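Chemist: following is a predicted model, sequence given first.
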Amino acid sequence: QLQLVESGGGLVQPGGSLRLSCAASGLNFSSYVMSWYRQAPGKERELVARISTTTGSTNYADGVKGRFTISRDNAKNTVYLEMNSLKSEDTAVYYCNGRYAWLTSWGQGTQVTVSS
């Protein structure tokens, strides 16, 4: 099972950009479907973006399409989330998730705050 550690969160003004990273340790990272989720105060955790294993195909939540980009570097055991044109409604704790068959792993989360 993977151990996941997120980084890159912080405070940014509306319209700004951030790049989140999720470093994975453990076996077979390239076999895991990797995702970013987020949870805003008082709301349920929601899927933001997902990237497949070998083909690199991606899926995005409607609210982030065209602004966020998920990518992975299997050689570095890392998945990224590039976030542009950030809005106040993007404020949340962002979590990295890895899934392989019945195995699922979560990171501890990183706070993203979009505010002027």
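Modeler: Arrived safely.
Chemist: tell me the SS of the residue most central in space within the chain?
Modeler: Averaging the C-alpha coordinates of the chain gives a centre point, and the residue nearest to it by C-alpha atoms, centre = their mean is W36 (2.8 Å). Under DSSP: H, G, I helix; E, B strand; the rest coil, the three-state class of W36 is strand.
Chemist: could I get the contacting residues of it?
Modeler: Shown in contact with W36 (C-beta atoms under 8 Å, 6 or more residues apart in numbering): 20, 22, 47-50, 70, 79, 81, 94-97. (Each C-beta comes from the backbone N, C-alpha and C, glycine too.)
Chemist: hey, what's it bridged with?
Modeler: Legend: beta-bridge partners of W36 under DSSP bridges are A49, C96.
Chemist: how distant is the least confident helix or strand in the chain by mean pLDDT from the center of its chain?
Modeler: Within the chain, no helix or strand scores below strand 103-106, which has a mean of 94 by mean pLDDT, DSSP states H and E. Using C-alpha atoms, centre = their mean, to the nearest Å, the mean C-alpha position of strand 103-106 is found 14 Å from that of the whole chain.
Chemist: what strands line up against that strand, and which way round?
Modeler: Partners of strand 103-106 in its sheet, by DSSP bridges: strand 92-100 (antiparallel).
Chemist: contact partners of the strand it pairs with?
Modeler: For strand 92-100, with C-beta under 8 Å, 6+ apart as the criterion, the contacting residues are 2, 4, 6, 9, 20, 22, 24, 28-29, 31-40, 43, 45, 48, 79, 81, 104-112.
Chemist: state the mean pLDDT of that strand.
Modeler: When pLDDT is averaged over strand 92-100, the result is 97.
Chemist: check stretch 45-52 too.
Modeler: Rounded mean pLDDT across stretch 45-52 is 97.
Chemist: so who does T69 touch?
Modeler: T69 neighbours (C-beta under 8 Å, 6+ apart): A49, T58, L81, E82, N84.
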